[in-house]
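1. Next comes the sequence, and after it the predicted model I'd like to discuss.
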Amino acid sequence: MGAVIHPAYQKTGIMTAVFRTVLPYGFDILKLNRIVGDIFAENEGSRKLLNKFGFREEGVLRETDFDGGRFQDTIVFSMLKKEYEQVKQTFDQ
């Protein structure tokens, strides 16, 4: 799962709304067992969002992406269906 948000729309809650739609769709409708999100290591906003929804950090992939200026480390997060079942009632809060 990945998204790039225009700076004018960052920190407006749009990704919280997206997660509240995408996670139930992925787990309840598509019957997925695992959803992965990966972020640049310096992206604190995305880290907070993934943590807020109960994703777990799996590890760091070193210098995986070039952003036009330098290579960035990527942090991989995931959520399993059984973890989603434990936290899904909190999504509307």
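-> Arrived safely, thanks for sending. Every value quoted in this text rests on a predicted model; they were computed, and no experiment measured them.
2. and F77, how many neighbours does it have?
-> Using other CB atoms under 10 Å, F77 has 22 neighbouring residues. Where C-beta positions appear, they are placed from N, C-alpha and C, glycine not excepted.
3. What's the separation between it and L61?
-> Distance of F77 to L61, computed by CB to CB, to the nearest Å: 12 Å.
4. next one: phi and psi at the nearest residue to P24 once chain neighbours are set aside?
-> Spatial nearest neighbour of P24, chain neighbours left out: K88 (6.9 Å); criterion: CB to CB, 6 or more residues apart in numbering. Backbone torsions for K88, taken as degrees, to the nearest 10, come to phi -60, psi -30.
5. pLDDT value on the residue lying farthest from the centre of the chain, please?
-> If you look at how far each residue of the chain sits from its centre, by CA atoms, centre = their mean, the farthest one is G69, at 23.9 Å. Looking at G69, its pLDDT reads 93.
6. where are the low-confidence patches of this protein?
-> 1, 92-93 (pLDDT under 70).
7. Would you mind measuring the gap between the ends of stretch 34-53?
-> 14 Å (CA to CA, to the nearest Å).
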